[in-house]
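**Student:** Turn this into a model:
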Amino acid sequence: MLEFIRLQLKLKWGLNRNNSKKNAIMTAVAALLAVAIALALVYGLSFVLNSTIAVTAKRLSVLFLTILIIGLTVAATGMQMNRLYRPGDINITARFPLSPFKVFISYLILNYIDLMIYSAILLLPIMLVFGWAMHCITFAYVMGIILGIIFMPLIPFGLSVFLAIPIMYINSLLKRHNIVKLIIFIVLLAGLFALYYYILTVLAKFFIHRNWEEGTLGIWLSLLNWLDGYYNPAYYLGNIIFFEKFWIGIAGIVGISAILIVGGIAVARLVYQKIRTKELDGGGEVGHRNSKLDNYGSSRAILKHTFLDILHTKAYSYFYLGVAISTPVMVFFCNRLVSMVGEAQMGEGINFGAAMLVVSVFMALIGSFAATILSVEGKNFYITKMIPVPYRKQLILKGLVNVAVSFGALLVSVIVMSALKFISATEIVVLLFSQMLFSIGLVLNGININLVNPNLKPKANGEAEEINITYMLIIGLLIAAVFGVFSIIMPKIMQNGSTYAYLINIGLGLIYAVVNFLVFWFTARKRYRKIEG
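**Tutor:** Numbering: from 1, shown residues only. Predicted coordinates for the structure are as follows:
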């Protein structure tokens, strides 16, 4: 059993994984960027709350500890579901000289070790930045953080053992209702973004005006008082870190965790045995679904196949369609925030620049998924080389689906800004045309990158997880920054600057689209032929 655990840890955390060095580097850069943003928010919110509310460091820390525990619980629940109930290697592990019970216990131990690692990665930097903002870093505080790293995974682990089963049941009920799951995801995404916008707005108003409204102050004070209570596991964790009612903290964490873990494992073991037996017996969906594409023309069939690929692949349906559908809401919030900060720093007349920056960033987010147009085919790519449709035509049709998604998000965003009279009619037209060209360029650029690096290796659950998306995202965000900078600065530094900004935006979008189209047109067929599927 110990050898099995060691092997699994090596596969996940070892340096000899199948991922390429480029992929590992880009993943590390993306992770560091996300951590840097999180730490900046922790420092800013801690500094502002400490400056405006008479509250102890321990009470304030419970806010961040609660968020960490929730995040770890979500991660732990996903691990429980994937390792225990939906393992991709169940036919392999069934041949190991291990009893089902030992495999079950091994997976639980692996999940807890992973949680320990995530706990260290998250808690240590966040609490050190928090201590820096609160001026409370001492030797005892650092020792408390180390103890917190040890004890924090207990509650998420216990909760995840319980939560994985009902979530799996709900997921099974919605198995054939991807649209419902997508709607739920979009609502959650929009809600989280609204919360993120609120926090950034609170910070921005404080640093601009150096004070808070009385209502805002009361909301945060009530929230902190409510979180710092016996019913919140983070309260006990805060006691451990700050050595305040230390033994109550230890007793609370250990007691709650013991009840959750023992009870959860007793139930989970029964479910695990049933699911394992069903999987090994070949229990799965029975029957054959007749294709609905048989009577379609080639173009319509490819368009529908591409859309169904998007809808049925989680990485696409959630983080592509979900972001695209949520974009108008996000654009609305971001425009208000960027224009508020911009007007405070640069004066009025910043709305067009803010709108251009925000919209182009979200177009880059949506367009980055065009870099998986080929990769998403995976092991079925060879079929695309057999069907009687020219390679270039296949790519254009697939690209049209991505362009349509981008245009849809853009049009709704423009309608929202127009209805709110955020920018003028002329600026609406300029923004619309420049971003349409930018979206076309992004899709063509993504196709060109995917042709160079098709990455057709099998992926977990058929997902589109690859480095091409990261490459495209970086390219898109850099160009979006250029759009924003010219739109904001030009009207401020020269006469008739707005006109020049309009021309630059449309010209930049046109050049980007044309260059990528020419590269696509003259290289696509040759590159496609070289790809082996």
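**Student:** Quick one: low-confidence residue ranges for the stretch 201-350 of the chain.
**Tutor:** Low-confidence segments of the stretch 201-350 of the chain, defined by pLDDT under 70: 202-217, 272-296, 311-318, 335-349.
**Student:** Which SSE is immediately downstream of the least confident helix or strand in the chain by mean pLDDT?
**Tutor:** Here the helix or strand of the chain ranked lowest by mean pLDDT, DSSP states H and E is helix 90-93, holding a mean of 56. Next along the chain after helix 90-93, taking DSSP states H and E as the criterion, comes helix 100-134.
**Student:** secondary structure element for the closest residue in space to residue 122 that isn't next to it in sequence?
**Tutor:** In space, and not counting its chain neighbours, residue 122 is closest to residue 68: 5.8 Å by C-beta to C-beta, 6 or more residues apart in numbering. Any C-beta I mention is one placed from the backbone N, CA and C, and that applies to glycine too. Residue 68 is part of helix 57-80, with elements assigned from DSSP H and E.
**Student:** what comes up buried for that helix?
**Tutor:** Residues of helix 57-80 classed as buried by neighbour count (16 or more other C-beta atoms under 10 Å): 57-69, 72-73, 75-77, 79-80.
**Student:** Over to stretch 107-122?
**Tutor:** Result for stretch 107-122 [16+ other C-beta under 10 Å]: buried residues 107-115, 118-120, 122.
**Student:** roughly how far is that stretch from the heart of the chain?
**Tutor:** Distance, stretch centre to chain centre, for stretch 107-122: 20 Å (C-alpha atoms, centre = their mean, to the nearest Å).
**Student:** Kindly report the same for stretch 477-494.
**Tutor:** Distance, centroid of stretch 477-494 to centroid of chain: 27 Å (C-alpha atoms, centre = their mean).
**Student:** quick one: average pLDDT of it?
**Tutor:** Stretch 477-494 shows a mean pLDDT of 83.
**Student:** What of stretch 49-57?
**Tutor:** For stretch 49-57, mean pLDDT rounds to 79.
**Student:** Same check on stretch 444-451?
**Tutor:** 92.
**Student:** Next, find the distance separating the residue nearest the centre of the chain from residue 52.
**Tutor:** Closest to where the C-alpha atoms of the chain average out (C-alpha atoms, centre = their mean) is residue 319, at 6.9 Å. Look at residue 319 and residue 52: by C-beta to C-beta, to the nearest Å, they are 36 Å apart.
**Student:** what's the burial count for residue 270?
**Tutor:** 11 (other C-beta atoms under 10 Å).
**Student:** For residue 251, which non-adjacent residue is spatially closest?
**Tutor:** residue 236 (8.0 Å).
**Student:** Does residue 357 touch residue 482 like I think?
**Tutor:** No. Judged on C-beta atoms under 8 Å, residue 357 makes no contact with residue 482 at a distance of 9.8 Å.
**Student:** Would you mind listing the outside residues contacting stretch 254-266?
**Tutor:** Under the criterion C-beta atoms under 8 Å, 6 or more residues apart in numbering, residues 108, 151, 154-155, 157-159, 161-162, 233, 236 lie in contact with stretch 254-266.
**Student:** Need those in JSON lines (columns: distance to residue 510 and secondary structure).
**Tutor:** Listed next are the contacts of stretch 254-266 as JSON lines, based on distance: C-beta to C-beta, whole Å; DSSP: H, G, I helix; E, B strand; the rest coil:
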{"residue": "108", "distance to residue 510": "57", "secondary structure": "helix"}
{"residue": "151", "distance to residue 510": "58", "secondary structure": "helix"}
{"residue": "154", "distance to residue 510": "58", "secondary structure": "helix"}
{"residue": "155", "distance to residue 510": "55", "secondary structure": "helix"}
{"residue": "157", "distance to residue 510": "54", "secondary structure": "helix"}
{"residue": "158", "distance to residue 510": "57", "secondary structure": "helix"}
{"residue": "159", "distance to residue 510": "53", "secondary structure": "helix"}
{"residue": "161", "distance to residue 510": "56", "secondary structure": "helix"}
{"residue": "162", "distance to residue 510": "56", "secondary structure": "helix"}
{"residue": "233", "distance to residue 510": "56", "secondary structure": "helix"}
{"residue": "236", "distance to residue 510": "60", "secondary structure": "helix"}
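**Student:** Go through those residues and say which is closest to residue 399.
**Tutor:** Minimum distance to residue 399 across the contacts of stretch 254-266 is 43.6 Å, recorded for residue 159 (C-beta to C-beta).
**Student:** What helix or strand is residue 222 located in?
**Tutor:** helix 214-227.
**Student:** pull the CA atoms of that helix into PDB?
**Tutor:** What follows is helix 214-227, C-alpha atoms only, in PDB (Å, rounded to 0.1, in the frame of the first residue of the first chain):
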ATOM      1  CA  GLU A 214     -20.900  54.600   7.100                       C
ATOM      2  CA  GLY A 215     -23.000  51.800   5.500                       C
ATOM      3  CA  THR A 216     -20.000  50.100   4.000                       C
ATOM      4  CA  LEU A 217     -18.200  50.200   7.400                       C
ATOM      5  CA  GLY A 218     -21.200  48.700   9.100                       C
ATOM      6  CA  ILE A 219     -21.400  45.800   6.600                       C
ATOM      7  CA  TRP A 220     -17.800  44.800   7.000                       C
ATOM      8  CA  LEU A 221     -17.900  45.100  10.800                       C
ATOM      9  CA  SER A 222     -21.000  42.900  11.000                       C
ATOM     10  CA  LEU A 223     -19.400  40.300   8.600                       C
ATOM     11  CA  LEU A 224     -16.300  40.100  10.700                       C
ATOM     12  CA  ASN A 225     -18.300  39.700  14.000                       C
ATOM     13  CA  TRP A 226     -20.500  37.000  12.400                       C
ATOM     14  CA  LEU A 227     -17.500  35.000  11.100                       C
END
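**Student:** Let me know the angle separating it from helix 57-80.
**Tutor:** Here helix 214-227 runs at an angle of 70 degrees relative to helix 57-80 (axes from the mean of the first three to the mean of the last three C-alpha atoms, to 10 degrees).
**Student:** Show me what helix 214-227 is packed against.
**Tutor:** helix 21-52, helix 57-80, helix 178-209 (3 or more C-beta pairs under 8 Å, 6 or more residues apart in numbering; DSSP states H and E).
**Student:** Now do the shortest one: which elements does it pack against?
**Tutor:** Under the contact criterion of 3+ C-beta pairs under 8 Å, 6+ apart, the helices and strands touching helix 57-80 comprise helix 21-52, helix 100-134, helix 154-173, helix 214-227, helix 233-241.
**Student:** The same query, at a cut-off of 6 Å, please.
**Tutor:** helix 100-134, helix 154-173, helix 214-227, helix 233-241 (3 or more C-beta pairs under 6 Å, 6 or more residues apart in numbering; DSSP states H and E).
**Student:** who has more neighbours, residue 357 and residue 482?
**Tutor:** Between residue 357 and residue 482, residue 357 has the larger neighbour count (other C-beta under 10 Å), namely 23 against 15.
**Student:** Just give me the neighbour total for the spatially closest residue to the more buried one that is not a sequence neighbour.
**Tutor:** Nearest residue to residue 357, sequence neighbours excluded (C-beta to C-beta, 6+ apart): residue 484, at 2.9 Å. Neighbour count of residue 484, defined by other C-beta under 10 Å: 21.
**Student:** And the one 3 residues further on, by the same measure?
**Tutor:** Residue 487 has 28 neighbouring residues, counting by other C-beta under 10 Å.
**Student:** Including distance to residue 242, could the helices and strands packed on helix 214-227 go into a markdown table?
**Tutor:** Converted to a markdown table, the helices and strands packed on helix 214-227 look like this (distance: least, C-beta to C-beta, whole Å):
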| stretch | distance to residue 242 |
| --- | --- |
| helix 21-52 | 14 |
| helix 57-80 | 4 |
| helix 178-209 | 24 |
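**Student:** so which of the ones you listed gets nearest residue 392?
**Tutor:** Residue 392 sits nearest to helix 21-52 of all the helices and strands packed on helix 214-227, at 27.7 Å, using C-beta to C-beta.
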